[in-house]
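[1] Provided below are the primary sequence and the corresponding predicted coordinates.
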Amino acid sequence: APLRIDTAISNTPPHPRPRPGPLDLSGAKGHVPAPLPSALSTARAIEDLQSVTYPEGVKSPKVELNANAKDGKFRYDRDFLLQFMMVCKEKPDNLPDLDVLGLQPSENHPMARTTSGR
Amino acid sequence: QEVDMQAQAENIRTVFSDPKNFNVKHPLFSPWTLWFDSPATKGRNLPQTPMSSFPQTPLPQTPGGLAAAAQGWMEDIKRVISFDSVEEFWGLYNNIVPPSQLPQKANYYLFKEGIIPAWEDEENKNGGKWSIQLPKDKNRANVDKMWLYTMLAAIGETFDPVVVDAESPDSPPSSLITGVIVSTRPQFYRLSIWTRTAPNGSATDEDTKLKDRVEAIGRHFKTSVLGYTDSAKLAGPLATEVEFLSHKDSEKKGKQAKKIIV
């Protein structure tokens, strides 16, 4: 399907230079627009590590780990992986609500929070 | 605005050159699934609303069905997320609770996708585990880093040195690792590395080769991942050496258990 952005005022007939009117949110009731897909979910898998150039100061993965690599099955050394720590901070779209999983830090959330009807 | 000219020419943008609009990510050797359990997940019947729903714990079909014991074991273990790239791993890591802040009696299980964290899984049943137990009071400050380094060696596939040497040119290199676990207990932490196979103690060439390969994993765990010297003695009150036990021997509860220690 082609990429398109669904807006709440899409009923407005097409016009070369539409003048924006006041926002009418009544049509948006119960309609939660889908968030734009994140780069994380749309980026494609690297097929050839050699084709990637990293900005200055960023180390490439150790070459010897991937001497026999095929089918995108790459191995990465720790120093290479650690460089992503401060860059990739965005919460993954598919990470469930940790509260619902019963996965909470023990200090901030005493056990009382977790007692449910069941 | 500094953009690497070559990367731009080839239209490859990594997260380092464009953290917001990168268009490639680094695939992992295998996709992984993170699982979690704690006293709070026991008996939890999770509501399946759109906001909170997540895939039901999938139990793989095995010939003859998965043992009932594993069904019970998996009941309270919750699947958190699956991922197959370096970038997704860090997004998860930066948004989840580190082991030092988990409640007591909690476990994270990071296993290759399709392998459940149970002895009974086809990929685990002939295997074993390297593990170390660390007293809690002395290691509260270290455990998060130790677990991170354990996960990085697992997803980076650097635990098993033989994985590089494809056994035959037409079969891709395969790895002995099936998963890694961190456990919090009232007095200690435990870290474990699960392997697909385990030496059986016979002195055949094949078994000796496997034992060498398994021992190399243990030594890598002890020195590179945990940061101890090769000769360090680690056993003490509430602490163990880095030791290997096959799952079959673990079931015997110590009787005739053939531990390997590095």
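    Perfect, I can see it now.
[2] which stretches of the stretch 1-150 of chain B form helices?
    Shown for the stretch 1-150 of chain B, the helices assigned by DSSP state H, counting those that start in this stretch span residues B:5-9, B:68-75, B:86-93, B:136-139, B:143-155.
[3] How about residue A:43, nearest residue that isn't a chain neighbour?
    What sits nearest to residue A:43 in space, not counting adjacent residues and going by Cβ to Cβ, 6 or more residues apart in numbering or on different chains, is residue B:25, at 4.3 Å. Using the backbone N, CA and C atoms, a C-beta is placed for each residue, glycine as well.
[4] Report the contact partners of that neighbour.
    For residue B:25, the set of contacting residues under the criterion of Cβ atoms under 8 Å, 6 or more residues apart in numbering or on different chains consists of A:40, A:43-46, B:15, B:85-88.
[5] let's see it at 7 Å
    Contact analysis of residue B:25 by Cβ atoms under 7 Å, 6 or more residues apart in numbering or on different chains lists A:43, A:45-46, B:85-87.
[6] Any chance of TSV for those residues, columns distance to residue B:234 and neighbour count?
    Rendered in TSV, the data for these read as follows (distance: Cβ to Cβ, whole Å; neighbours: other Cβ atoms under 10 Å in any protein chain shown):
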residue	distance to residue B:234	neighbour count
A:43	42	20
A:45	39	13
A:46	39	19
B:85	34	22
B:86	31	26
B:87	35	24
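[7] Closest one of those residues to residue A:61?
    Ranking the contacts of residue B:25 by separation from residue A:61, with Cβ to Cβ as the measure, puts residue B:86 on top at 9.4 Å.
[8] Read off the pLDDT value for the closest residue to that closest one other than its chain neighbours.
    The shortest distance from residue B:86 to any residue other than its chain neighbours is 4.0 Å, reached at residue B:26 (Cβ to Cβ, 6+ apart). According to the per-residue confidence, residue B:26 scores 97 in pLDDT.
[9] didn't residue B:26 look like it was pressed against residue A:46?
    Yes: counting by Cβ atoms under 7 Å, residue B:26 touches residue A:46, with 5.8 Å between them.
[10] Just confirm residue A:100 is within a helix.
    Yes: assignment of residue A:100 by DSSP: H, G, I helix; E, B strand; the rest coil places it within a helix.
[11] how much space between it and residue B:82?
    Look at residue A:100 and residue B:82: by Cβ to Cβ, to the nearest Å, they are 17 Å apart.
[12] same thing with residue B:99?
    Shown here: residue B:99 relative to residue B:82, a distance of 20 Å by Cβ to Cβ.
[13] more crowded one of the two?
    When neighbours are counted by other Cβ atoms under 10 Å in any protein chain shown, residue B:99 comes out ahead of the other of residue B:99 and residue B:82, with 21 against 17.
[14] follow-up on the earlier one: of the contacts of residue B:25, closest to residue B:155?
    Of all those, residue B:86 has the smallest distance to residue B:155: 7.5 Å, by Cβ to Cβ.
[15] could you list every residue that touches the closest one?
    Residues A:76, A:81, A:84, B:25-26, B:28 are the ones in contact with residue B:86 under the rule Cβ under 7 Å, 6+ apart.
[16] Please produce TSV containing the residues you listed, extended by distance to residue B:186.
    Formatted as TSV, the entries for these read as follows, by distance: Cβ to Cβ, whole Å:
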residue	distance to residue B:186
A:76	35
A:81	32
A:84	34
B:25	40
B:26	38
B:28	34
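[17] which secondary element of chain A has the worst mean pLDDT?
    Among the secondary structure pieces of chain A, namely its helices and strands, helix A:98-101 has the lowest mean (mean pLDDT, DSSP states H and E), a mean of 85.
[18] okay, and for the stretch 51-200 of chain B, where does confidence drop off?
    Low-confidence regions of the stretch 51-200 of chain B, defined here as pLDDT under 70, cover residues B:51-69, B:163-173.
[19] Swap in 50 and give it another go.
    The model of the stretch 51-200 of chain B has pLDDT under 50 over residues B:51-56, B:62-64.
[20] State the number of residues packed around the closest residue to residue A:84 other than its chain neighbours.
    Spatial nearest neighbour of residue A:84, excluding adjacent residues (Cβ to Cβ, 6+ apart): residue B:90 at 4.6 Å. Counted by other Cβ under 10 Å, the residues lying close to residue B:90 total 24.
[21] May I have the secondary structure class of residue A:89?
    Of the three states, residue A:89 takes coil according to three-state DSSP.
[22] cool, the one 3 residues further on as well?
    Under the three-state scheme (three-state DSSP), the conformation of residue A:92 reads as coil.
[23] Spit out the contact partners of it.
    Applying Cβ under 7 Å, 6+ apart, we find residue A:92 in contact with A:40, B:81, B:88, B:91-92.
[24] what about residue B:117, distance to residue B:211?
    To residue B:211, residue B:117 is 24 Å away according to Cβ to Cβ.
[25] Among these two, which residue is more densely surrounded?
    residue B:117 (24 against 18).
[26] Quick check: closest non-adjacent residue to the more buried one.
    Leaving aside its sequence neighbours, residue B:117 is closest to residue B:109 (3.7 Å, by Cβ to Cβ, 6+ apart).
[27] in chain A, which spans are strands?
    With DSSP state E as the criterion, chain A has strands at A:44-45.
[28] The stretch 101-250 of chain B too?
    If you assign secondary structure with DSSP state E, counting those that start in this stretch, the strands in the stretch 101-250 of chain B sit at B:106-112, B:128-135, B:177-184, B:188-195, B:243-246.
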